[in-house]
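**Student:** Please find the sequence and the predicted model below.
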Amino acid sequence: MNHIAHFLLAPHTPPGATGTLLADFHRGPIAAALPREIAAAIALHRAIDGHTDRHPVTAEAKALFAPGLRRYAGVALDLYFDHCLVRDWDRHAATPFDTFIGATYARLAAGLAADYVPDRMRRMANAMRTDDWLGAYRDFDGVERALARLNHAIRHRFGRAVNLSPLANELRRLESELDTRFDRLFADIARITP
């Protein structure tokens with residue numbers, strides 16, 4: 001699951017949103033000095049990721065990818081499953097999508113000034129809001145743009161050039177099979193507690 005699923009399943013509070021995104025930047029044991037709600041949001045994010053990674057549906061979905069594309073299949077699935085969530089939003093959430101996204105950006109902005117938030121996260125959260133990364137998942141084009149951002153992020157962070165764009169065609173090819181798997185997976189993920 002990617003950002004939208006995590007924000008939907010986290011507490012809808014500034015600490016819930018901040019801790020949810022902070023989980024992508026906070027490595028190792030959860031620091032005891034973090035506020036309780038932030039630590040709980042990080043723990044929930046990690047529990048969702050762990051459950052998703054170990055889920056049989058995820059293994060089934062990855063196995064559908066062409067062998068040369070399986071290395072990054074998990075990344076592609078995370079992005080595509082956010083698209084599935086947004087596409088069928090009314091089945092999964094009571095709040096209208098645009099309202100939820102606006103509130104999520106506001107909750108994130110409210111927590112970015114904390115001293116435990118790294119500058120990298122601040123930059124990412126600001127880019128997320130400015131370029132409306134979350135709203136972009138309405139269309140499959142948003143998944144393709146997210147794959148392009150990841151090309152850059154992997155090159156910048158790990159010094160490794162990758163080309164994730166072929167994964168977009170693979171996701172389109174597998175769309176109907178992945179859609180049914182998303183429904184099964186999300187029903188389980190929505191029940192997770194840290």
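**Tutor:** Looks like it came in fine. This structure is a prediction, so every number in the text was calculated from the model and none was measured.

**Student:** my read: residue 35 touches residue 16, true?
**Tutor:** No: in this structure residue 35 lies outside contact range of residue 16 using C-beta atoms under 8 Å: 11.2 Å. (C-beta placed from N, C-alpha, C; glycine too.)

**Student:** neighbour-wise, which of these two wins?
**Tutor:** Residue environment comparison for residue 35 versus residue 16 gives the larger neighbour count to residue 16, 22 against 14, counting by other C-beta atoms under 10 Å.

**Student:** what sits against the more buried one?
**Tutor:** Remark: with contacts taken as C-beta atoms under 8 Å, 6 or more residues apart in numbering, residue 16 is in contact with 10, 37, 41, 107.

**Student:** gap between it and residue 38?
**Tutor:** 9 Å (C-beta to C-beta, to the nearest Å).

**Student:** Centroid-wise, who is the farthest residue in the chain?
**Tutor:** residue 33 (25.4 Å; C-alpha atoms, centre = their mean).

**Student:** CA atoms of the particular helix or strand that has residue 82 in it as PDB?
**Tutor:** If you go by DSSP states H and E, residue 82 is part of helix 73-87. The C-alpha coordinates for helix 73-87 follow below in PDB (Å, rounded to 0.1, in the frame of the first residue of the first chain):
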ATOM      1  CA  ALA A  73       6.700  -5.400  -8.900                       C
ATOM      2  CA  GLY A  74       6.100  -4.600  -5.200                       C
ATOM      3  CA  VAL A  75       6.700  -0.900  -5.800                       C
ATOM      4  CA  ALA A  76       4.400  -0.900  -8.800                       C
ATOM      5  CA  LEU A  77       1.700  -2.700  -6.900                       C
ATOM      6  CA  ASP A  78       1.900  -0.200  -4.000                       C
ATOM      7  CA  LEU A  79       1.200   2.600  -6.500                       C
ATOM      8  CA  TYR A  80      -1.400   0.700  -8.500                       C
ATOM      9  CA  PHE A  81      -3.300  -0.300  -5.300                       C
ATOM     10  CA  ASP A  82      -3.600   3.400  -4.300                       C
ATOM     11  CA  HIS A  83      -5.100   4.000  -7.800                       C
ATOM     12  CA  CYS A  84      -7.600   1.200  -7.100                       C
ATOM     13  CA  LEU A  85      -8.400   2.700  -3.800                       C
ATOM     14  CA  VAL A  86      -9.100   6.100  -5.200                       C
ATOM     15  CA  ARG A  87     -11.000   4.800  -8.300                       C
END
